[in-house]
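Peer 1: just need the structure, nothing else, for what follows:
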Amino acid sequence: NRMRRITGALASAGLRVDIVSPGICAKCGLTSKLFYGAYRTHEGESEVTVAPAVVVPLIGAMLEILFFPFWAMLFLRRGRFDGAVFYNYSISFALLAVLFRARGIPYIAQVEDIAVPAKADWKPGSETRPAQQLLYWLCMKVVSGLSVGIWVPSQRFLTFLPRSKPYLVVRGCVADSEWGEDSPARLLTPIRVLFVGKYEIEHGLDLFVAALEFLRSGAPVGRLYEFDCCGTRDYPAELRSLSAGADRPVIRLH
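Peer 2: Numbering: from 1, shown residues only. As a prediction, this is how the structure comes out:
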């Protein structure tokens, strides 16, 4: 959704936007077809080029580090481009950042997530994968450090990014023009919200619990919602405690 909003905004300004995407993710499974060639499709007015991929667990993710940068640089030979936007970061994006800098191609780092390694990551029972956190922290520093500017969804991100870079806060929220004090919501039944884990701090569990606690604090808006949670058998204690209460909104753990 965020990529759609960004490309839509650029296209509405009269710019031609092309998207180049990796063809694989680290959590792929085996399929009957092990190799997929590059292909092109469209997303709205933007053309999407998907890099080739080998669909073998781990091997495919390792080859993506080479396939995606190679395909992106090959794509640049199709015409003249004013610049690029890197959506988040990974090993392949860090390699691309170095190649772009070497060729003098400016790019903006659109940082969607923050990696912050800590000593506590290495303690037994930690929910964070310490080596992965350290690797993505390095990738984040390379991608943001070699960029000409940074886009972030929240100003809090800037604490962990190069302070010397020009930045723009592009928030994910949409202005609420339909509801408000002058137009109170009138619902026949509560809005049911499905929350699917991961139930970890890294994935916003603290924000979700804080929102539920606010709604449970007696705010009138709490009557307008019901929450269904699924995705794990071992729910955090604070979420189990909230679900046990009879106040509004209703919280069900499946």
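Peer 1: from here on, contacts and neighbour counts on C-alpha atoms
Peer 2: Will do.
Peer 1: mind checking the backbone torsions on E112?
Peer 2: Recorded main-chain torsions at E112 are phi -100, psi -20, according to degrees, to the nearest 10.
Peer 1: same check on I191?
Peer 2: Here is the backbone geometry of I191 (degrees, to the nearest 10): phi -80, psi 120.
Peer 1: what's near enough to touch F68?
Peer 2: Contact partners of F68, counting by CA atoms under 8 Å, 6 or more residues apart in numbering, are 21-23, 51-52, 92.
Peer 1: looking at the residues you listed, which is nearest A219?
Peer 2: The nearest member of the contacts of F68 to A219, counting by CA to CA, is S21 at 43.3 Å.
Peer 1: wait, the closest one touches P52, no?
Peer 2: No: using CA atoms under 8 Å, S21 and P52 do not qualify as a contacting pair, with a distance of 9.6 Å.
Peer 1: which of the two has more residues huddled nearby?
Peer 2: P52 (20 against 17; other CA atoms under 10 Å).
Peer 1: check contacts around the more buried one.
Peer 2: Contacts for P52 were tallied using CA under 8 Å, 6+ apart; they are 22-23, 35-39, 67-68.
Peer 1: in JSON lines: the residues you listed, plus secondary structure, distance to A61 and pLDDT.
Peer 2: Rendered in JSON lines, the data for the contacts of P52 read as follows (DSSP: H, G, I helix; E, B strand; the rest coil; distance: CA to CA, whole Å; pLDDT from 0 to 100):
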{"residue": "P22", "secondary structure": "coil", "distance to A61": "10", "pLDDT": "88"}
{"residue": "G23", "secondary structure": "coil", "distance to A61": "10", "pLDDT": "82"}
{"residue": "F35", "secondary structure": "strand", "distance to A61": "13", "pLDDT": "89"}
{"residue": "Y36", "secondary structure": "strand", "distance to A61": "13", "pLDDT": "88"}
{"residue": "G37", "secondary structure": "coil", "distance to A61": "15", "pLDDT": "88"}
{"residue": "A38", "secondary structure": "coil", "distance to A61": "16", "pLDDT": "87"}
{"residue": "Y39", "secondary structure": "strand", "distance to A61": "18", "pLDDT": "88"}
{"residue": "F67", "secondary structure": "helix", "distance to A61": "10", "pLDDT": "89"}
{"residue": "F68", "secondary structure": "helix", "distance to A61": "10", "pLDDT": "91"}
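Peer 1: those residues: which two are farthest apart?
Peer 2: Farthest apart among the contacts of P52 by CA to CA are F35 and F68. That separation is 14.4 Å.
Peer 1: tell me where the stretch 51-200 of the chain has strands.
Peer 2: Under the criterion DSSP state E, counting those that start in this stretch, the stretch 51-200 of the chain contains strands at 53-54, 84-87, 107-110, 149-152, 167-169, 191-196.
Peer 1: returning to what we had before: can you turn the buried part of the contacts of P52 into a PyMOL selection?
Peer 2: Here the buried members of the contacts of P52 are turned into a PyMOL selection, burial being counted by 16 or more other CA atoms under 10 Å:
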select buried, resi 22+23+67+68
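Peer 1: make TSV from the contacts of P52 and add distance to L161 to it.
Peer 2: As requested, the contacts of P52 are exported to TSV (distance: CA to CA, whole Å):
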residue	distance to L161
P22	25
G23	28
F35	37
Y36	36
G37	36
A38	33
Y39	34
F67	28
F68	25
